[in-house]
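Enquirer: no FASTA, just this:
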């Protein structure tokens, strides 16, 4: 129903709800989200800040920071519900079968540990029998694959540039040949040139190792370049999901349209950037009915009354009353 | 119950309701009100005159002498009640002195800037770095015993605290654009002073004052314990503790237990109040 | 900065109201005697002359001579008393750090839980206890009632080790004297617990705040995301990083440690710098008082420099 082929999906998320308790009340950062992902596919997850995309990423690894917690739903990795696993097993999966690339390479590495020790520690955690020399050897090979000079192996994180640190992060995420990689805004804190390099590396490794990738970002351009399918999130829910080409060529949901129009277009600079009016909703007391309706140019009668359910439209799913 | 996110379940269960800090502050306030009223009521509720011999020496607590008698036959209970007077007097005076002097110097130094400021800051930082009690001991030793001398000795130790706080606030406020704007509109320096600087500092100031009093009481008790405080026979907790110490090996526990508990209660009261206020008034660390 | 401290000490001890000579001789003493004592102490000279003399002597390590009992050089007396204070300080620091850092880390890790609030309140509570009273209570319980531990002195007088360092723990180990060592530790327990526990209250809070800050950082979440064990994340990643700012705190709190040591030493009849200072005050040994205070100032300054150096060594961001 969701995917493209006949193979069972690698990842199947169903009715996932993640909640935070704040001083003012409960917030549903992820509100009844469902999607699935095929092996070797790349899914882009886009939306404004605080739409829940990062939280969704964390919840797959079960590292949602307190006061957040997952309260409902299923996350199935090759049929196994991760949310029911005992913590010991989950620990083995983290870094091993599912791994994550974090946004800010400056703060993602332990400043007191040498780069190589990050890797050695990773290898030794997942395979206590491995000897230090072997771990070191694997690390050196990884460095080659990442394009980092071998003589930098003794360095500390602060001695690396931003781009190199992100390569290290990618290396750490891929070191144990994971099935699923979640990249949370991997290039947001890098400058444009470095960003291009990192994306190239990511594309290369993705194809070489047949990685399944979830790419979380607010940058439409990266999504267009790197992904097969895209899910657009708003206020903790997926409002539209489908193949990238279709989505960008013919966006169905008004929010998707707004996102595309608000992005700068290098090829058609005369088309002015049109931001979406208004602000993201307050998730403590969200709007009634469709959460986007206060800002929607196409709002009409049913919008403030009922929440729209996902409807199938060709290759896509849209949650909008326009398509009921 | 199992947790569904990665953090061990035990950390997510059983949250304490928000506002628990208020309990701290309230608890502190309650303790204080009790003690302060005792201070004022002491002359009325103390069963005996605390400075004269009223019974046989070294008697354990009994119905006649609820907390026992000391080595000179004086009633411990009465002495403990009256002891509050000295403790609170000295700490109140010293905190008042140090806050006023520290504030004035801080304002002056922060405002003038330049060499004066640097010199003052260096002096204050040096005093601040030095062990407070030892400085108080040195001053008290040179000045001699007495309530006023003790208050001055203790006050000197805390002047840098206020100096730094006020000076910091002055420097920070001077940078603010709204002060520039206010000045451009013709506001007088004194207005700026009071309106912005004090308004900003008020919450921290209250907290610091409270914690300062707590510290001052401990210092006062320490000085008296070391023999540098109020001369006998005035009832003073620290002094009574030093006398009681000699009788400790004999097992005469009541001479030290009760004055000590009183110090603890008063200090705890001010500390809880200060810490509680601190939690309430300052924004808590934001979660991710 | 130490210069300023020294000047302040000078000012305090010379300029403060209260005439030490009168205090020493009694105010009924004849004028000639007062004059003579003044001359001997050198305080009849103009202030600035006294000041330069003071500094000059200090630079040469000369703290003057004691006014009583054969006029021994104060510097020597101080050095005799210093190891005792050092031993007490180290013992207390161990207790203080073990208790404070551990409770602070647990508090931060279990943020907002009853444990957190409990530990924090305990920290406030314990810091509110007067050090000397706590010492006496411990003496009462463990020394007088239970009779488990001694309540005065550094060691059984018959077991004093022949020493090089003056630190009885080290000296007895070096001499292979187990009895001495045991006696030293026995005597060290209560005073260290007294000072260490009370001061641990501050460290609970300091550790907690630093840990909370570190635990929010990405590298902690990234470590978890790689499947590292919770204990590894807590200790190798969070605590180790939090330790660096905590270390600087130790430097700043050293002054508190010294102040507390004075009270602890008088309570336990511990023959260290604190006892020396108080004793000299009672004898009105004015040069000795000055010498002791100067020594304290120098000690604080030295520790502060040492902490800076250790900090630079521990943080690779500074080293490389």
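Expert: Good, I have the coordinates. Source: prediction; values computed, not measured.

Enquirer: when you work out contacts or count neighbours from here on, use the C-alpha atoms and nothing else.
Expert: Noted.

Enquirer: residue nearest the centroid of chain C?
Expert: Residue closest to the mean C-alpha point of chain C, counted by C-alpha atoms, centre = their mean, is residue C:258 at 2.5 Å.

Enquirer: shouldn't it be in contact with residue C:88?
Expert: No - using C-alpha atoms under 8 Å as the test, residue C:258 is too far from residue C:88 to be in contact (9.7 Å).

Enquirer: which ones are touching residue B:221?
Expert: Listed by C-alpha atoms under 8 Å, 6 or more residues apart in numbering or on different chains, the contact partners of residue B:221 are B:87, B:236, B:237, B:238, B:239, B:263, C:130.

Enquirer: from these, which two are the most distant?
Expert: B:236 and C:130 (14.1 Å; C-alpha to C-alpha).

Enquirer: other residues contacting the biggest helix by length in chain A?
Expert: When chain A is parsed with DSSP state H, its longest helix is helix A:192-209. Helix A:192-209 is touched from outside by A:146, A:163, A:166, A:167, A:170, A:177, A:187, A:211, A:212, A:213, A:226, with contacts defined as C-alpha under 8 Å, 6+ apart.

Enquirer: please repeat the previous calculation with a cut-off of 10 Å.
Expert: If you take C-alpha atoms under 10 Å, 6 or more residues apart in numbering or on different chains as the criterion, helix A:192-209 is touched by A:40-42, A:145-147, A:162-164, A:166-167, A:170-171, A:174, A:177-179, A:181, A:183, A:186-190, A:210-213, A:222, A:225-227.

Enquirer: for residue B:168, see how far away the residue nearest to the centre of chain C is.
Expert: Residue C:258 is 28 Å from residue B:168, where distance means C-alpha to C-alpha, to the nearest Å.

Enquirer: check the secondary structure at the residue most central in space within chain A for me.
Expert: Closest to where the C-alpha atoms of chain A average out (C-alpha atoms, centre = their mean) is residue A:216, at 3.0 Å. Three-state call for residue A:216 (DSSP: H, G, I helix; E, B strand; the rest coil): strand.

Enquirer: that one and residue A:226 touch, don't they?
Expert: No - counting by C-alpha atoms under 10 Å, residue A:216 does not reach residue A:226; the two are 11.2 Å apart.

Enquirer: name the residues contacting each of those two.
Expert: With C-alpha under 10 Å, 6+ apart, residue A:216 and residue A:226 have common neighbours A:43, A:44.

Enquirer: for the one helix or strand residue C:86 maps to, packing partners?
Expert: Per DSSP states H and E: residue C:86 is located in helix C:74-109. With contacts defined as 3 or more C-alpha pairs under 10 Å, 6 or more residues apart in numbering or on different chains; DSSP states H and E, the packing partners of helix C:74-109 are helix C:114-127, helix C:168-174, helix C:178-215, helix C:240-267, helix C:273-282, helix C:286-314.

Enquirer: quick check, pLDDT for the residue in the stretch 101-250 of chain A that chain C sits nearest to.
Expert: Chain C sits closest to residue A:108 of the stretch 101-250 of chain A, with a gap of 3.9 Å, by C-alpha to the nearest C-alpha. Looking at residue A:108, its pLDDT stands at 88.

Enquirer: and residue C:258, by the same measure?
Expert: At residue C:258, pLDDT is 92.

Enquirer: contacting residues for it?
Expert: B:130-134, C:85-86, C:88-89, C:195, C:264, C:273-274, C:296, C:299-300.

Enquirer: what of residue A:282?
Expert: Contacts of residue A:282 (C-alpha under 10 Å, 6+ apart): A:27, A:235, A:291.

Enquirer: got those residues as JSON lines, with secondary structure columns?
Expert: Below are these laid out as JSON lines (three-state DSSP):
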{"residue": "A:27", "secondary structure": "strand"}
{"residue": "A:235", "secondary structure": "coil"}
{"residue": "A:291", "secondary structure": "coil"}
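
Enquirer: okay if I get the residues you listed as a markdown table plus distance to chain B and pLDDT?
Expert: Listed next are those as a markdown table, based on distance: C-alpha to the nearest C-alpha, whole Å; pLDDT from 0 to 100:
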| residue | distance to chain B | pLDDT |
| --- | --- | --- |
| A:27 | 13 | 86 |
| A:235 | 17 | 87 |
| A:291 | 23 | 85 |
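
Enquirer: right, I'll leave it there.
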